[in-house]
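Engineer: Need the 3D shape of this:
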Amino acid sequence: GSRVLFSTFLGGSNDDSALGVAVASDRSVYVAGVTASAGFPTNPGSVQPRYGGGDNDCFLSRLAPDGRSLLFSTFFGEQGAEGCTAVTVGPDNSAYVVGETTSSRFPVTPGVFLIRCQGGARDAFVSRFTPAGDVIFSTFLGGNNRDAAYGVAVHGSRVCIAGYTGSNNFPLSSDAFITSYRGGSRHAFLAILN
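Structural biologist: Have a look, this model is predicted:
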C-alpha cells in the first residue's frame with residue numbers, strides 16, 4: 001500500500017503559500033512560493049537571508065530527501081509584492097523559478113534579457129538557482145502592463161515559460177504565431193529563453 005514518506009510545515013508566523021514543487025535527481029525537494037513572514041526559515045549564507053519588505057516575498061527552499069533538514073532556503077524579492085508560482089529542475093539539478101513582481105528593484109543579474117521593469121503594474125520574472133542556492137540568472141519578462149508567469153519547463157538549454165500578459169508591447173519573436181495584442185484584459189503567452 002501507499003505510505004507517507006514525509007510531511008512537514010514550512011513557514012513563519014504570517015501567511016505562507018507553497019505554489020510550486022519539484023524533485024531533483026537526488027530526491028531532494030525544491031519548494032517555491034510566497035511568504036509574508038519575516039521569520040521564514042532561511043540559511044545565513046543564502047542569496048537573501050532577510051525579508052525584502054513590501055507585501056510579500058518569493059521564497060525558494062530545498063529540502064533533504066527525508067524532509068528533515070533544509071539544504072538551502074532563501075527569500076527572493078524587494079519592497080514590492082512578489083510571488084514564485086512555479087519551479088522545475090534542470091538536468092544539472094539547478095532550479096528554475098518563475099513568478100511575478102511589482103518591484104522595479106527586483107534582483108536581476110547583468111546581461112539578461114530584461115534588466116529593467118517595463119513599467120506595468122507587475123512583471124513576470126524567470127530566475128535560475130544552482131543546487132547550492134546561488135543565483136545563475138534572473139530576468140524580468142514583460143511589457144507596459146500586468147504580466148505574470150505561472151508555468152516553467154526546461155528542455156536542454158531552453159527554458160519555456162507560460163503565463164499571461166496585459167501588455168501590448170510584450171516582447172515577441174518576429175515569427176510569432178500571433179504577432180499583435182488582440183484586445184481584452186490579458187492574453188496567454190509562451191516564451192522560450194536560451
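Engineer: Every contact and neighbour count from this point should use C-alpha atoms.
Structural biologist: OK.
Engineer: which residues touch the residue nearest to S28 when sequence neighbours are not counted?
Structural biologist: In this structure, S28 finds its nearest non-sequential neighbour in P65, 4.3 Å apart by C-alpha to C-alpha, 6 or more residues apart in numbering. Contacts for P65 (C-alpha atoms under 8 Å, 6 or more residues apart in numbering) come out as 26-29.
Engineer: where does the closest residue in space to A64 that isn't next to it in sequence land on pLDDT?
Structural biologist: Spatial nearest neighbour of A64, chain neighbours left out: S28 (4.8 Å); criterion: C-alpha to C-alpha, 6+ apart. Listed pLDDT for S28 reads 96.
Engineer: now S28: how far from L60?
Structural biologist: Separation of S28 from L60 (C-alpha to C-alpha, to the nearest Å): 13 Å.
Engineer: and the two? which has more neighbours close in?
Structural biologist: The neighbour comparison of S28 against L60 (other C-alpha atoms under 10 Å) goes to L60, with 24 against 19.
Engineer: In this structure the more buried one contacts V29, no?
Structural biologist: No: using C-alpha atoms under 8 Å, L60 makes no contact with V29, being 10.5 Å away.
Engineer: tally of neighbours for the closest residue to S13 other than its chain neighbours?
Structural biologist: Spatial nearest neighbour of S13, excluding adjacent residues (C-alpha to C-alpha, 6+ apart): S37 at 5.7 Å. Residues lying near S37 (other C-alpha under 10 Å) number 18.
Engineer: Tell me which helix or strand S37 sits in.
Structural biologist: Taking DSSP states H and E as the definition, S37 sits outside all helices and strands.
Engineer: Over to stretch 153-161 now: how far is its first residue from its last?
Structural biologist: End to end - C-alpha to C-alpha - stretch 153-161 spans 7 Å.
Engineer: Pull the residues that contact that stretch.
Structural biologist: Surrounding stretch 153-161, the residues in contact under the criterion C-alpha under 8 Å, 6+ apart are 88-91, 98, 149-152, 190-194.
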